[in-house]
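Novice: What follows is a predicted protein model with its sequence.
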Amino acid sequence: MFKGQWIHTLAYGLSLAVFYWFAFSQFKNLRVDWNLWGVAVATAVVEELVFSGFVTGYLERFQKRSFWNVFLSGAAAGVMRLPIATFVFHLSPLATLGVVMLAFATTMMHSWVRQQTGNVAGSMIARIGMNLSILS
């Protein structure tokens, strides 16, 4: 999970983090709130270990570098958001669809980084960047 091409995974992760910052932050200043950073880092590490690390890694045993491995990881992350968006946050169906699609698309990109480099660190960096840009 942490083997493979470190330079490539860090480059992919930082590139995606910068992209997320420009796409989601609306150019706000990054707040230095340690609670916010803790939530952003903890959720990123756990989600990427589970989806990009375990799910994608497990599926890679059966078929290397398959699109379906990345697709299934994204689908699992999207489906995991359904009960949270629906029952915890009481989002409308359209907003719930947006949450699911965002989770699906970003997890697919992060799983692709893991698939290409053999290392989940870049996925974690990208997710941290996304979390910080959305939460700050």
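Specialist: That came through fine.
Novice: Could you double-check that I134 sits in contact with F24?
Specialist: Yes. Contact criterion C-beta atoms under 8 Å: I134 and F24 qualify, at 5.1 Å. Placement of C-beta: from N, CA and C, glycine included.
Novice: Tell me where the longest helix sits in this structure.
Specialist: Assignment by DSSP state H gives helix 93-117 as the longest helix of the chain.
Novice: For that helix, name the packing helices and strands.
Specialist: Counting contacts by 3 or more C-beta pairs under 8 Å, 6 or more residues apart in numbering; DSSP states H and E, helix 93-117 packs against helix 6-24, helix 34-48, helix 56-60, helix 67-83, helix 121-135.
Novice: residues of that helix that come out buried?
Specialist: 96, 99-100, 102-104, 106-117 (16 or more other C-beta atoms under 10 Å).
Novice: hmm, which helix or strand of this structure has the shakiest average pLDDT?
Specialist: Lowest by mean pLDDT, DSSP states H and E among the helices and strands of the chain is helix 6-24, with a mean of 89.
Novice: Low-confidence regions, this protein specifically.
Specialist: Across the chain, residues meeting the criterion (pLDDT under 70) sit at 27, 30-31.
Novice: what about 90?
Specialist: Within the chain, the set of residues satisfying pLDDT under 90 comprises 1-9, 18, 20-37, 64-65, 132-136.
Novice: how many neighbours does G53 have?
Specialist: 24 (other C-beta atoms under 10 Å).
Novice: Just list the residues touching it, thanks.
Specialist: Shown in contact with G53 (C-beta atoms under 8 Å, 6 or more residues apart in numbering): 1, 114, 120, 123.
Novice: next one: W21
Specialist: If a contact means C-beta under 8 Å, 6+ apart, then W21 has 129, 132-133 as its contacts.
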